[in-house]
Each structure stands twice: as C-alpha cells, then as structure tokens.
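Peer 1: Fold the following.
(2 chains)
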Number of protein chains: 2
Amino acid sequence: MEKKITILGAGLVGSLLSILLQKRGYQVTILERRSDMRKANMSAGRSINLAMSVRGWAALEMAGLKKDIEEIAIPMYGRQIHNLDGTTVFQAYGKNNEAIYSVSRGDLNKKLISLAEANGVSIQFNQRVEDVELDTQVLKIEDAQTLVKSEYQDHEMIIAADGAFSALRNAYVKKDRFNYNQFYIEHGYKELFIPAGENNSFLIEEKALHIWPRKNFMLIALPNFDGSFTCTLFFPFEGNPSFSAIKTEADAKQFFETQFPDALELMPTFAEDYFKNPTSSLVTVKCFPWIYEDKSFLIGDAAHAIVPFYGQGMNAGFEDCRILMEIMDASSSKSWKEILPIYQQARKKNGDAVADLALQNFIEMRDLVADPLFLARKKIEKQLGLLYPAQFNSVYEMVSFSNTSYHFAISCQKAQDKLLQKIMAEGDFETNVNLPEFKNLLVNWIVEYANEVALLEK
Amino acid sequence: MEKKITILGAGLVGSLLSILLQKRGYQVTILERRSDMRKANMSAGRSINLAMSVRGWAALEMAGLKKDIEEIAIPMYGRQIHNLDGTTVFQAYGKNNEAIYSVSRGDLNKKLISLAEANGVSIQFNQRVEDVELDTQVLKIEDAQTLVKSEYQDHEMIIAADGAFSALRNAYVKKDRFNYNQFYIEHGYKELFIPAGENNSFLIEEKALHIWPRKNFMLIALPNFDGSFTCTLFFPFEGNPSFSAIKTEADAKQFFETQFPDALELMPTFAEDYFKNPTSSLVTVKCFPWIYEDKSFLIGDAAHAIVPFYGQGMNAGFEDCRILMEIMDASSSKSWKEILPIYQQARKKNGDAVADLALQNFIEMRDLVADPLFLARKKIEKQLGLLYPAQFNSVYEMVSFSNTSYHFAISCQKAQDKLLQKIMAEGDFETNVNLPEFKNLLVNWIVEYANEVALLEK
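Peer 2: You can find the predicted model right below:
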C-alpha cells in the first residue's frame, strides 16, 4: 500500500517536494488555491524574478531536474550598477566567474507542475484550504470556482508549502505555545517592465542583475529569456518620496525622470504599469515549532517567509526539501516521528539566519553597492578567498555559491567584519599585500580568523 | 445624541474603561465572552493574584474608585524569601515603606463590573466575538449559551479590551502590514492554595509577597482577605524537573517535599489542586499598529500581553486607560482621528518596555533574590535614592512606585548598571560612604549618571 501525503500549495517548493516524495514511493496529492497557471493568465504584476543559486541547483539535481531548468535560466555574473549620472559599473559576484541565474517564477513553476504530474503527482487546482483540524488532519476546503465547501482527509501526512500566509500555519498560530512573528518592512514593491529590443535583443547588459541604488530605495531589473527585463521598484510606503506621495502620472514620471532617467527611457508602458500593477508589501515570518506530532509540518515560506534581497527565498525552500530528503533517506524506520524532529532541528536555525541575512542585504543593495569603501572591502574579500581558499570565504559567497549552512554564514559575519577592519585600517591593500611585513601580519590575522570561526557551530 | 462605543471584554481593563468613558458622556456597551462571574462560579485554578501598584491606583483614582478598591487590597511591603533550609528573609520593596497591594482578580473584576453597571454601562454576557469586519465595524457574535449567531453594529467605535487572545487583534493580524509577535516562555504555571488558619488567621506573614526562589523555577504566594494565600508554581513545561516529568501524586509530593517542604505542610489539598488545576502557558504579545482608522483600537493585554513577573499587567492596562482619557480630555475636537494616533504614539513604546521588563524580572524573582550580590546592590540603590533623591531612583521603584514611563525606566537600566558596578567595585558601600574621598567620587558618578539619563527620552 502506498503512503499518502497531501501537500498544500503547488508553488515552487510544493511542486519540487512532490516530485522528490513521489520518487520515494509516496502517493502525493497537491491542493492548490489558484487555478492552473498553465491555462489561465498569470496574476500579473506581482512577480520578482528569481535568482537561482547553488542551493536551488543542488535540490533540482537531487530531483533529476537540473537540465530541465537550466534551459530557462540566464546566468548573471554580477551587479550592473546604474549611477544617477547615467554611468554604469559592473561588480562581479564571484572570484571564479560564478553566476546566479535569473529565472521567471511563472515559467519555472509551470515547468515544475508539469514535471510533478509526469511523475504521478495528482494536483487539484482551485482548492482553497480554509482551516485545518490538526488532530484529525481534516482539511476544510472551499472550491474557488464552485464555492462548494468540503472536508478532505485522505493522507497520513499534511505538508504545508503554501507560502507566507500558510493556512496550516494559521491553525498552528491558534495552538497554545506556538511562537509566531510576522514583521513587515516599511518598503513595498511594484513590478515594472523593460521590453526587448528588435529581434529579442537585450537593451541593457543581459548577463547581470541591474541595480539603481538610491540609498533609501532602489530599482532592479532581471533579464528574461525573450530579451525583456522584469523590473522591481522597492520604495517606502510612506514619507517623501514614497508610494503614497506619488499620486498622479505626472508625479510618477517626474520621480523617475529625476531618479531613474535611463530606465524610464526603456519603459514605454511605464505609466500604465505603475498604476495598473499593485503595490505589494514585504513580510518576514519566523515561527516555532514547524512540526505537529507526526501529522503535519511547514516547509519553505510557510515556515520562514523572507524578504527578497538576498535572492534566497526559493533557494532556502529548495534546500529545506533536499535536507528533508537526506534525513529521510538516512532513516531506517522512515517514520515521521523520527524524521521530523531532525528536520526541524536542522532547518529552524537556518530559516532564522536566512531571514536575517535577507533583511541586512536590502541595505547593501539599495545603498552600500554605491559606497567606495564597501566596494573596496568586497574586492579585498575576493582576494583573501583566492590567497587563502582553505581559510576564508566571504559571507556572500558562502550564501550564494556554496551549500554551507546559512546559520554558519551569518555566524561568521562578526569575525569577517573584524578581520576586514584590521586590514583596511592599514591602508591600500593592493600595495600592502606585496610588503613582507604586512604579509606576515595578514597570515596571523587569517589564522586568528580561521580559529575563531572554527569554534562556531556548523 | 450620545455617541456609542462597544468594548470587547468585561475584564479589568474593559470594565474600568467603560466607567471612564461613560462618565465622559459616551454610551458604552460591553460584550463579554463568559457568563456573569458574579452569578457563576469563577473558572477556578487559573488566577494569579494581582499586585496593584501606583499606576493602577492612579487610574482608579481618576475613575473615582480608589476607595472602593482599597477595601479589598492587602499591602505587601516586601518579599518574604523562603530558603531551601527553611529560613526566611524579608526584603522591603521601597525605601520609604511603600507597598504593592494584593488583590483577588475575581473580587476586583466583580466589583468593577457592578460599578460599571451602576454608572450606566450595558454589559452583555455570553457574547463570543468570532470575527470583526474592520471597515464596516460589524461584529460576528455567537451566543455562548444558545449558540445563536448574530451580527452586531451599533457603535461608532470598537475598543478591544479582550486580552491576550483578542478577537479584534486576530482580525488585525490578517491585515496587510500588521506586525505581530506572540512569544511563549518555556515555563508554565499552576495555581495552588494555602488556606487560612483558625479565625481567618494568616499562617505565613500577611503583608508580604512570598517567594520560594529555586533558580530555574519558583513558587510564590499572595495573601487573600480571608487569611488564605493564592500560590502559583512557575515551572518549566519540559526537562527535568518539569511539569511533564511529574506524572503521579507521588512524584508531585516528592518534588514539593524536596523543594518547598514548608509550603507543602500548609497545603492540605495539594495533591488534589495539583492535578485538578490546569497547567497554563505564559505569552508575550507585541504588535503594531494598535489602531484602525477611527473605527477600532486595542488596549491593555490585547495590545501588549505580558508575563506576570513584574506585577504590571493590570497596572499597564489601567495606565493605558488613564493616558487615553488625558489625551481625550486635552483634545478640543474629541475626534478619534485626532486622539488615537496620539494614544498609540504615547503607549506603544511603553507596552514594549513593560513586556521586556516583565520578562527580565522572572530571572530576578526566581533566582537573583537569593543572590547576596544582588541583595547588596538593592540595598545600595535604596541608599542612593535616599542620599540623592533628585538624581537617582531605581528602575524597580520607577516601575512600581511612580508613574514615570516604563520606556524611560527601562532606558535607565544600562546607566544604573554602570553606576552600581563602579560603586560595588570599590568594596563595602557602608564603609565607603563615610570616607570623604569616596563621597567625592560618588557625587561625580551620580552627576554623570544624572546627565546620562537626562538625555534619554522621557
């Protein structure tokens, strides 16, 4: 007899997880609130392009899907900074030509849904879960089209991959002793659009993540396969300037002419997009526990919704799936009672860490990338990584180009700050690094750093 | 035409607030989930006696109720510490014989409900608010006795005084951009009981708050008017020892015989109480915003549920009411649009501060009160207050014996820690304080401290 699992949500994490579980002999059903996005028009104007990095690829590889997805991914080797004076600067992400990959959320999701069905997963669309009875595992469902209500209980396990506003988590919040924190930043976002040029040509650099950093706000653009760019304005809700201060088309145009003139030139549908597309909020969710007995658990955004500024939301969710599968594969009993506490123990601290990293990175993206001192530091970090590859890897590289735990990466920050401050206090690194005296100093510092982080929990 | 207000919850804050508003010409209706506690038996076994302090009295005085409540309050002039060896030590709370006052939650609540009705407030019992439509102000209600559902909308304002699990706040949580944090500590509590002796005599010191501090857990006892004591065990849910490790009557008795032998002797119904009374959890809630347009707002525990370890839950809620009335009385327009933002601005930071103070004070009560260094510091703090009354008042005294804002009190902590460390590093204060050299030093430090806290936001 096959063991039945119901997954809530056919988003990126739910679809991928269904494939991984189906391949391990489970019979998986997904209940998805929305209609089938392969048939309907996507709910437009709310998507931020994804930046797939090493963790995302690792999980796709485990599911045997890496090749399928590589076909729809564009490598971005660095940030293309657009200064206010119209000049641009390219900042490579890695020291070894590493890239993160721009993927359309919609395209990726459609592909994963089709692959899930091809693997035998049953996906039921338009099934809105209104409530979950935790002890009986009964799902209370409303059909979004017929509005018929029903109860569903045909599973030994419920997995919530239903995102930042998870229905299962809402049931957890009402439980005694469930810790829950939802936190909105003061900025919202709005999708905008740069179309392709002639013959699907890219009107700005293709293989880069474009940023217009303006201290307290920013515009970004990620490439699409057809030559267009999906752009996102991250901007305060209130104050001046802010979404609420921009009331008319003239306000919007004037603001963009002042702040992003080179981008505005490339946006023929700017005014239409600005007022048609919604202004969306950005939430961080931390909660505990993630599991309820051997009956249900949270994964991905449902467990740890994060802001998009490190490009790690999907990557973190996919890593949840990979680690869960590793724990399951290593378990001889295959019992949820054994697997789930290990999963929670392994992932909770990483969910918290990536949430904090993502919040921090907003300041980096919107402000620091235009700061010469910050850029000097980034350069030194890369050189340190090349000079002492066994001892030093920058936090950014650990997060984006390795499977090192988020928790370890964020724990290294203080030690890296201290190390880089010492190095930069000595003056120009390029010059110093050739002086024998400084080299000796540097080796000592690196050993000190390595010893310090060796004590941190991996 | 009278302006109509509906208050959710006829608890302490809701009842008091209804009187304050009714006296200002509003027509107030309270919807209370439970039945009338004056008729029914109290839901037994979950109450922690209240410690009324200056803020509570100030609000009662504003409502003209101070005398009524003084009749049912017992002054507690200090902590009576019960050591493991059976010895006891009395620690006065104040330097001028100040007291906090033990009041039975049930008695106080019944009295406030009757006073509210006497002032013309309409109280509807057994009305469980299931949901709130924020924009229309429609309350969806279920009658707890008949189970009949209805909608209620006969008010220009809804005020949620419905406690830590507020129905209105649940509706706020689902709103976009509502920040919400519920946090449970790892300890729970259980009510126990020491009956009166012959002729309603008190079997342990009457005018004290009794503590059996045992580092990671504690027992406390507060006096009742009839000579009995309401006791509360604060104890971890999990681990060893913990609630979950105590399974049988023998376990419970053995644990108390080892840890609280002198209390156990005075508890004839110990075993019955231990297994009959529930084990309850302790939650802290922080959220923002507290107000929704000019349609509804949160007050008391609904806005800032806190743990009970500073005895400030009711006091903070009552202070919310007093400050709200002061803002209202100072407003010429009496418009909620004007009043509510000022109320929120004034109280949010104090709600956060008292929540943090209460969490900190658990460690003080269960552990530090038995620490000689801590006691030495407390003694010096009092002497400083007597020597330099214009410059120094300890955080504890600000919180319990003044109306100084919680936010200012918690902001002074670091400066007080620094000052006391410097003083205690010099050796015995009693001796030093008579040496001219030390006196000069001390005056300089006090001036330094006063300058430091003068910069803090009041």
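
Peer 1: My reading is that A:Met325 is in a helix; is that accurate?
Peer 2: Yes - secondary structure of A:Met325 (DSSP: H, G, I helix; E, B strand; the rest coil): part of a helix.

Peer 1: Excluding chain neighbours, give the residue nearest to it in space.
Peer 2: A:Leu20 (5.2 Å; C-beta to C-beta, 6 or more residues apart in numbering or on different chains). Yep, even glycine has a C-beta here, placed from its N, CA and C like the rest.

Peer 1: And the one helix or strand that neighbour maps to, what's buried?
Peer 2: Using DSSP states H and E, A:Leu20 sits within helix A:12-22. Using 16 or more other C-beta atoms under 10 Å in any protein chain shown as the burial criterion, the residues of helix A:12-22 that qualify are A:12-22.

Peer 1: For the residue nearest to A:Phe318 when sequence neighbours are not counted, give its distance to A:Glu326.
Peer 2: Among residues not flanking A:Phe318 along the chain, A:Ala59 sits closest, at 3.6 Å (C-beta to C-beta, 6+ apart). Taking C-beta to C-beta, to the nearest Å as the criterion, A:Ala59 is separated from A:Glu326 by 10 Å.

Peer 1: Of these two, which one has the most company?
Peer 2: More crowded of A:Ala59 and A:Glu326, by other C-beta atoms under 10 Å in any protein chain shown: A:Ala59, with 26 against 14.

Peer 1: A:Thr230 touches A:Ile74, doesn't it?
Peer 2: No - proximity of A:Thr230 to A:Ile74 does not meet the contact threshold set by C-beta atoms under 8 Å, at 11.4 Å.

Peer 1: got the domain boundaries for chain A?
Peer 2: Listed domain ranges for chain A are A:3-44+A:54-64+A:105-182+A:284-362, A:371-457 (source: automatic domain parsing).

Peer 1: So what pairs up with the residue of the stretch 201-350 of chain A found nearest chain B in the strands?
Peer 2: When C-beta to the nearest C-beta is the measure, the stretch 201-350 of chain A has its nearest residue to chain B at A:Ser281, with 5.1 Å between them. Note on A:Ser281: beta-bridge partners A:Gly188, judged by DSSP bridges.

Peer 1: Buried residues in stretch A:197-211, which are they?
Peer 2: Of the residues in stretch A:197-211, those buried by neighbour count under the rule 16+ other C-beta under 10 Å are A:202-206, A:208-211.

Peer 1: will you turn those into TSV that also has secondary structure, distance to chain B and pLDDT?
Peer 2: As requested, these are arranged in TSV below (DSSP: H, G, I helix; E, B strand; the rest coil; distance: C-beta to the nearest C-beta, whole Å; pLDDT from 0 to 100):
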residue	secondary structure	distance to chain B	pLDDT
A:Phe202	coil	35	97
A:Leu203	coil	34	97
A:Ile204	coil	32	97
A:Glu205	coil	35	97
A:Glu206	coil	35	97
A:Ala208	coil	32	98
A:Leu209	strand	27	97
A:His210	strand	28	98
A:Ile211	strand	25	97
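
Peer 1: My guess is A:Lys110 contacts A:Asp36. True?
Peer 2: No - under the criterion of C-beta under 8 Å, A:Lys110 lies out of contact with A:Asp36, with a separation of 9.1 Å.

Peer 1: quick one: contacts for the residue nearest the centre of chain A?
Peer 2: In chain A, the residue lying closest to the centroid (C-alpha atoms, centre = their mean) is A:Gly313, at 2.2 Å. Applying C-beta atoms under 8 Å, 6 or more residues apart in numbering or on different chains, we find A:Gly313 in contact with A:50, A:301, A:305-306, A:358.

Peer 1: neighbour-wise, which of those leads?
Peer 2: For these, the largest number of neighbours (other C-beta under 10 Å) sits with A:Asp301, at 28 neighbours.

Peer 1: So A:Ile306 versus A:Glu191, what's the distance?
Peer 2: Using C-beta to C-beta, which is the criterion applied here, A:Ile306 is 19 Å from A:Glu191.

Peer 1: Near chain B, which residues of the stretch 101-250 of chain A? Just list them.
Peer 2: Taking C-beta under 8 Å from any C-beta of the partner chain as the test, the list of the stretch 101-250 of chain A residues beside chain B reads A:173, A:176-184, A:237.

Peer 1: quick check: longest helix of chain A.
Peer 2: Among the elements of chain A assigned as helix by DSSP state H, the one spanning the most residues is helix A:336-366.

Peer 1: Where do the helices of the stretch 151-300 of chain A begin and end?
Peer 2: A:167-173, A:249-259, A:261-264, A:270-276 (DSSP state H, counting those that start in this stretch).

Peer 1: Over to the stretch 301-450 of chain A?
Peer 2: Taking DSSP H, counting those that start in this stretch, the helices of the stretch 301-450 of chain A run over residues A:301-304, A:313-330, A:336-366, A:372-387, A:395-401, A:406-411, A:413-425, A:429-432, A:436-454.
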